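Engineer: Dropping the sequence and predicted coords here.
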Amino acid sequence: MKSFTDEDVEIYIQSKVERRHYLVSKAVEEVQKIIQQLTAEISYKAVRFQAISNSGIHSENIKDQPALLAKWSAMLQRKRPFHPSIQVLAPSQFLITVPLRGLTGYRESQIRHWRYYTVNGAKLLSSVRDPEELHQWLEVEQFSKSLQQWHEDDVNIEGDLVPAKVLIVFRELVEKSIVSCNLSSKVTVLESFSSVVRVAVDTSESQVEVELVPAVEIPTCWPEKARWPRCLKRWPSQEKVQCIKSLGFDLLARSNYHWQLSFSRAEHILMEGLDEDGGCRMKCFRVMRQMKEDVWCAGNKPVITAYHLQTVLFWTCEKYPRTKDWRCFPEAFLRLIQKLHKCVSQHFLKHYFLKNTNLLKYANASDLDLVASKLAVFLEKPVFCLD
């Protein structure tokens, strides 16, 4: 297997990676400004929703917990820019969480219930299927404090907060707020076969597709089903593990019945200080992401997103925890691509915190096979595309 020179890498980073960083940062800034205006209007119209500026350390859910707020501020406001509500899946594909208000004091449900209803409230003869590991039911009684509005029929069925119903309410608010904010020239609601809410946002450079996701932020506990870290692992350090687990998790409304677990704050802390030992992990990740977008899996809706690549990086860091494993860029980079190739070829990539969840389970098999073939070509002859 041939390698490449340090000069090749530096030329690629300067001509491609840094340009990408500038354009994406600019797009994030513009989209954030527009969606902030939109969600502030939504919050004004409906008390259950907050503006995206209230995400993370700015959440109203932790404003009465000064110790936790101070801890979060110290951990999350570091060198790398962090927009707690924005996830860049691809340069023209963002996911933005919209924090919900009035649900605090979360606790895990210890009793299993059978559900016999449709999302419209009709009765079923057989029960609704149980959620997969990445998802869960959510009952309003799991919160010690809840606004009365969360008990109303437009979002609640038999005590459950139903994501599909929350999304219907949210979509109507988005459509009305686009008009009342005079954003019709910049934001368009996209048609969807499911209940998810997607909008197209026009920026100065391009159009970005944004999925707007209502989110319950749970800053006070770590989910029982996320049995992490696994035993006898040297990466990350125990200190960082405790820090990560103290950040809690979120529940996202992205499906009909079940809420999706999200660990965005934990993932940010894992990426933060990745190379404090002088390694090249972040450099490997940035080059891999650029090659993915340029050659292996281009397009506006790629089958492999930056989130998949980040997960591959985490698994590789865990397998190779030593500083010396990340001293030589060519070796470290090719090892990372080999891991990516294996996952894509097998159509199997484990979630980093939920080991029984395959992040590629519902991905198009033909698309994955095409990416795998391109990765195989690169591994046979590693060459950076500078065109």
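Structural biologist: Cool, got the structure.

Engineer: Tell me where the model's unsure across the stretch 201-350 of the chain.
Structural biologist: Within the stretch 201-350 of the chain, no stretch has pLDDT under 70.

Engineer: Could you rerun that using 90?
Structural biologist: Segments of the stretch 201-350 of the chain classed as low confidence (criterion: pLDDT under 90) are 219-220, 230-233, 243, 247, 272-273, 299-300.

Engineer: where do the strands sit along it?
Structural biologist: 207-218, 249-252, 259-262 (DSSP state E, counting those that start in this stretch).

Engineer: In a markdown table: those strands, plus distance to residue 178 and mean neighbour count.
Structural biologist: Using the backbone N, CA and C atoms, a C-beta is placed for each residue, glycine as well. As requested, those are exported to a markdown table (distance: least, C-beta to C-beta, whole Å; neighbours: other C-beta atoms under 10 Å):
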| stretch | distance to residue 178 | mean neighbour count |
| --- | --- | --- |
| strand 207-218 | 11 | 22 |
| strand 249-252 | 22 | 23 |
| strand 259-262 | 25 | 22 |
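
Engineer: Can you lay out the ones you listed as JSON lines showing distance to residue 193?
Structural biologist: Formatted as JSON lines, the strands of the stretch 201-350 of the chain follow (distance: least, C-beta to C-beta, whole Å):
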{"stretch": "strand 207-218", "distance to residue 193": "14"}
{"stretch": "strand 249-252", "distance to residue 193": "19"}
{"stretch": "strand 259-262", "distance to residue 193": "18"}
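
Engineer: Which among those is found nearest to residue 146?
Structural biologist: Closest to residue 146 of these is strand 207-218 (C-beta to C-beta; 10.6 Å).

Engineer: burial measure for residue 26, as a count.
Structural biologist: Residues lying near residue 26 (other C-beta atoms under 10 Å) number 13.

Engineer: That one and residue 282, how far apart?
Structural biologist: Taking C-beta to C-beta, to the nearest Å as the measure, residue 26 falls 21 Å from residue 282.

Engineer: Tell me which stretches of the stretch 151-300 of the chain form helices.
Structural biologist: 163-180, 238-245, 264-271, 281-291 (DSSP state H, counting those that start in this stretch).

Engineer: so can I have JSON lines of those helices showing mean neighbour count?
Structural biologist: JSON lines is the format used below for the helices of the stretch 151-300 of the chain (neighbours: other C-beta atoms under 10 Å):
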{"stretch": "helix 163-180", "mean neighbour count": "19"}
{"stretch": "helix 238-245", "mean neighbour count": "15"}
{"stretch": "helix 264-271", "mean neighbour count": "21"}
{"stretch": "helix 281-291", "mean neighbour count": "20"}
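
Engineer: Which of the ones you listed sits closest to residue 7?
Structural biologist: Relative to residue 7, the nearest member of the helices of the stretch 151-300 of the chain by C-beta to C-beta is helix 281-291, separated by 13.9 Å.

Engineer: Does anything pack onto the closest one? Which helices or strands?
Structural biologist: Packing partners of helix 281-291 (3 or more C-beta pairs under 8 Å, 6 or more residues apart in numbering; DSSP states H and E): helix 6-12, helix 306-319, helix 329-346.

Engineer: what's the angle from the following helix or strand past the longest one to helix 281-291?
Structural biologist: Where DSSP states H and E defines the elements, the next helix or strand beyond helix 329-346 is helix 365-380. Using axes from the mean of the first three to the mean of the last three C-alpha atoms, to 10 degrees, the inter-axis angle of helix 365-380 relative to helix 281-291 is 120 degrees.

Engineer: and the closest residue to residue 203 other than its chain neighbours, what does it touch?
Structural biologist: Nearest residue to residue 203, sequence neighbours excluded (C-beta to C-beta, 6 or more residues apart in numbering): residue 30, at 4.4 Å. Shown in contact with residue 30 (C-beta atoms under 8 Å, 6 or more residues apart in numbering): 201, 203-204.

Engineer: picking up where we left off before, and the helices of the stretch 151-300 of the chain as TSV, adding distance to residue 37?
Structural biologist: Below are those laid out as TSV (distance: least, C-beta to C-beta, whole Å):
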stretch	distance to residue 37
helix 163-180	9
helix 238-245	32
helix 264-271	22
helix 281-291	29
